[in-house]
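*Asks:* What shape does this take:
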Amino acid sequence: MGRPAKDTKPHNAAIIGGMPLVVTAPYMTQAQWAEHTGLSKEAVRLRLNEGTIARYQPVEGGTIFVNVLAEMKKAAEAQPY
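*Replies:* The predicted structure is shown next:
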């Protein structure tokens, strides 16, 4: 019997509110976030500008990304309806 395959892919994991989350990327482009959420690219851009979607901008004046970890935290901590 052979050895099991070793998982060599890196994983970003966090514990938020007692719930483990695995995120493949800590941030995404606006187009990727639009595709994942079903929003239009324009809606994502507007929400990033008004602050309703968490943003990540590594360099002042540079590309604005969606902060996936912050969005996951908001979702995990949201109050039930």
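
*Asks:* Helices of the protein, residue ranges please.
*Replies:* Secondary structure of the chain (DSSP state H): helices at 30-37, 41-50, 68-77.

*Asks:* Out of those helices, which gets the lowest mean score?
*Replies:* Ranked by mean pLDDT, the helices of the chain end with helix 68-77 at the bottom, a mean of 87.

*Asks:* what sits against the residue positioned nearest the centre of the chain?
*Replies:* Centrality entry for the chain: nearest residue to the mean C-alpha point is V68, 1.5 Å, by Cα atoms, centre = their mean. Residues in contact with V68 (Cβ atoms under 8 Å, 6 or more residues apart in numbering) are 23, 25-28, 33. Any C-beta I mention is one placed from the backbone N, CA and C, and that applies to glycine too.

*Asks:* repeat that for 7 Å
*Replies:* Neighbour list for V68: 23, 25-28 [criterion: Cβ atoms under 7 Å, 6 or more residues apart in numbering].

*Asks:* Now render these as TSV, adding pLDDT, neighbour count and distance to P58.
*Replies:* Below are the contacts of V68 laid out as TSV (pLDDT from 0 to 100; neighbours: other Cβ atoms under 10 Å; distance: Cβ to Cβ, whole Å):
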residue	pLDDT	neighbour count	distance to P58
V23	73	15	17
A25	81	12	14
P26	89	15	11
Y27	93	21	9
M28	94	21	13
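
*Asks:* Now, the residues you listed that are in strands?
*Replies:* In strands, judged by DSSP state E, the following of these are found: 23, 27-28.
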